[in-house]
Every structure is written in C-alpha cells, then in structure tokens.
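*Asks:* Compute the structure for the input listed below.
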Amino acid sequence: MKAFVAGATGETGRRIVSQLLDRSIEVRAFVRDVEKARSIFPAGVEIIAGDVLSVDTLKDALEGCTVVFCATGARPSFDPTGPYLVDFEGTKNLVNASKAAGVEQFVLVTSLCVS
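*Replies:* The predicted model follows:
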C-alpha cells in the first residue's frame, strides 16, 4: 500500500502522515513547499511538489499510489475565490486524477461548512 496525502504539511495532513507512518504505510506527501515538508517529515516520507489546482502535477504524482487522503483547504486570505478554487476545483482535480491513475480508495478529510 502506498498513501498519497494532499495537504500533508497542514495541521490535519501532518496527523494523517504520522498515523500512516505509525502503521508502516509508505507515504507520498504532496505539498506546495518542499523545504517546509523536509523540516516536518522524517527521511522516509517521499515529498512531491505540486498544487491541486494544476492538473499536470497530479498525474505523475499519483502513479503507484493505492489510496489518496485529501486534506487540502484554503487558508484565510483577501482572495474570496480561494475556498472555491481549493476546496471545490482542487478536490475535483484530485478526484479525477485519482480515477485516471487507478487509485483504489479516496478519503476526503474536510471541515467545509463547519463553523
């Protein structure tokens, strides 16, 4: 089993990665900031740079993964389209790329509409 974690450097993503490693599951962390990821994760975690809004970065990144954990989320900002882009378009891109890559399971972890 190989797990792909989108949003791996966020609070929830870090916990997912930690739990997977505790269970000796191979992890591929999909992140925007590689240096940040390297400072957080142990050497055994494969780190891939990319963005769920860029379909091109997803295809190769998902190769060989059997399960995807989507822990992405828009950070508060002055851009009112952020939540739509990340939480909807980005998740849709990840779902479609996962299907195309033959991923067996897709786990969406979200706090959307929780406030």
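
*Asks:* Give the buried residues for stretch 40-53.
*Replies:* Residues 40-41, 45-48, 50-52 are the ones in stretch 40-53 that count as buried (16 or more other CB atoms under 10 Å). C-beta: built from backbone N, CA, C; applies to glycine.

*Asks:* before we move on, what about stretch 60-72?
*Replies:* By neighbour count on 16+ other CB under 10 Å, the buried set for stretch 60-72 is 61-62, 65, 67-72.

*Asks:* Then stretch 9-22?
*Replies:* Within stretch 9-22, the residues that count as buried by 16+ other CB under 10 Å are 9-10, 12-14, 16-17, 20-21.

*Asks:* Can you tell me whether I have it right that residue 29 is in a strand?
*Replies:* Yes - checked against DSSP: H, G, I helix; E, B strand; the rest coil, residue 29 lies within a strand.

*Asks:* contacting residues around it?
*Replies:* 5, 8-9, 13, 17, 37, 41, 45-48 (CB atoms under 8 Å, 6 or more residues apart in numbering).

*Asks:* And residue 41, by the same measure?
*Replies:* Counting by CB under 8 Å, 6+ apart, residue 41 has contacts 8, 17, 27, 29, 47.

*Asks:* Farthest-apart pair in these, please.
*Replies:* Using CB to CB, the two most remote members of the contacts of residue 41 are 17 and 47, lying 10.4 Å apart.

*Asks:* Can you show me the strands along this structure?
*Replies:* 2-6, 26-31, 46-49, 67-70, 105-108 (DSSP state E).

*Asks:* Show me which residues of the longest one are buried.
*Replies:* Put plainly, it is strand 26-31. Of the residues in strand 26-31, 26-31 count as buried by neighbour count, 16+ other CB under 10 Å.

*Asks:* Let's see that strand as CSV, backbone CA atoms only.
*Replies:* Only the C-alpha atoms of strand 26-31 are listed here, as CSV (Å, rounded to 0.1, in the frame of the first residue of the first chain):
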residue,chain,number,x,y,z
GLU,A,26,4.5,4.1,2.7
VAL,A,27,3.7,7.8,2.3
ARG,A,28,3.9,10.3,-0.6
ALA,A,29,3.4,13.8,0.6
PHE,A,30,2.0,16.2,-2.0
VAL,A,31,3.0,19.7,-0.9
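
*Asks:* Thanks a lot, see you next time.
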